[in-house]
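**Student:** A structural model of the following input is requested.
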Amino acid sequence: MLGGPVAITNTHSVGVVRDALVAHAVAHRRHGGGLWSLPVVGETWDGGLNDVDGLHVRPEHVDQALAAASDGPVVQGNVGGGTGMVCHEFKGGIGSASRITPRPDLGWTVGVLVQANYGEREQLRVDGVPVGLEIPVSEVPSPFPEERMDEDRLPAPGSGSIIIIVGTDAPLLPHQCQRLAQRAALGLARMGSTANNSSGDLILAFAIGNRGLNNGDEPGADEPRTRDVRMVPDNRLTPLFKATAEATEAAIVNALLAAETMVGRDGVTAHALDHDHLLDIMARHGRGPQARR
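**Tutor:** Residues are numbered from 1 along each chain as shown. From the prediction side, this is the model:
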């Protein structure tokens, strides 16, 4: 069971973020006594754009992120842990999307958040359209040109990883959450990823449909011998699987659309995916609003 928020950062900041989450839990605990804390922190490597060895993420940044967390639209693109990330050799970052299953299936919501930092340009697909082939690096330069890899310590084009966080209000058991996470990988594949050798892709799925089982318990009170939990029957999971794959695909697209061109360390530049150019490409392939006019 998750004991607190999930944090996402860059590779060299996992330790400081983990410690800051423990400190935050200690400062806000409701009861006295020793606190047992096992935070969850994920990372992707942003050393192409970011001076990752400078260790610029500090505990106060974690506190600020937790204080700013709220309901409503998710800020996306060049924010938080996604600030220095690159996706399909365009500027990447944070993306989010959600889907609701049809009402006959109780209308469960599936939300997905990604930190997109993976993929070669030629692999990129959007709704099945080979966008990466239509915008080659000869047209929009890669931030990681092969001729500069050795001299500037740049990563190989297409190297990198993605973090995918899947959350749902459906009541699921742990093995069902694992099955949901597997379907997030299918959404990633729709975008063109084949998970290169360097990909340290991480997928976490959680469900809150049984949240509150311990509400009202006081320290030292007699624990009940059993607790009732609910679960979606396995034969009703398919709509959740479809929602997960689709929301993952949409979240990655949103990360690309929300990101803005960034000049990083040593002048390394990651260009944003141009929205109008993307719409033109989609229309030529019979996709998008322009194709329906």
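**Student:** Run through the stretch 51-200 of the chain and note the low-pLDDT ranges.
**Tutor:** 104-105, 147-154 (pLDDT under 70).
**Student:** can you map out the helices along it?
**Tutor:** Using DSSP state H, counting those that start in this stretch, the helices of the stretch 51-200 of the chain run over 59-68, 131-134, 174-190.
**Student:** Near the residue nearest to W45 when sequence neighbours are not counted, how many residues? Count them for me, please.
**Tutor:** The spatially closest residue to W45, leaving aside those adjacent along the chain, is T11, at 4.7 Å (CB to CB, 6 or more residues apart in numbering). C-beta coordinates here come from the backbone N, C-alpha and C atoms, glycine included. Per other CB atoms under 10 Å, the neighbour tally for T11 reads 14.
**Student:** pretty sure T11 is touching L55, no?
**Tutor:** No: here T11 lies out of contact with L55, judged by CB atoms under 8 Å, at a distance of 11.1 Å.
**Student:** the inter-axis angle of the longest helix along the chain versus helix 174-190?
**Tutor:** Across the chain, the longest stretch assigned as helix under DSSP state H is helix 238-258. With axes from the mean of the first three to the mean of the last three CA atoms, to 10 degrees defining the directions, helix 238-258 sits at 50 degrees from helix 174-190.
**Student:** Touching the very next helix or strand once past helix 238-258 from outside, list them.
**Tutor:** Going down the chain from helix 238-258, the next helix or strand is strand 262-263, by DSSP states H and E. Under the criterion CB atoms under 8 Å, 6 or more residues apart in numbering, residues L49, N78, T83, G84, K91, T269, A270 lie in contact with strand 262-263.
**Student:** Pull the most distant pair out of the residues you listed.
**Tutor:** Within these, T83 and T269 form the most distant pair, 14.5 Å apart (CB to CB).
**Student:** any idea how far S193 lies from G72?
**Tutor:** The gap separating S193 from G72 is 29 Å, by CB to CB, to the nearest Å.
**Student:** Then L186?
**Tutor:** As for L186, its distance to G72 is 28 Å (criterion: CB to CB).
**Student:** try I94
**Tutor:** For I94, the distance to G72 (CB to CB) stands at 15 Å.
**Student:** just to revisit the earlier point, could the contacts of strand 262-263 go into a markdown table alongside neighbour count and distance to L257?
**Tutor:** As requested, the contacts of strand 262-263 are exported to a markdown table (neighbours: other CB atoms under 10 Å; distance: CB to CB, whole Å):
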| residue | neighbour count | distance to L257 |
| --- | --- | --- |
| L49 | 24 | 19 |
| N78 | 22 | 12 |
| T83 | 20 | 16 |
| G84 | 26 | 18 |
| K91 | 28 | 10 |
| T269 | 13 | 19 |
| A270 | 26 | 14 |
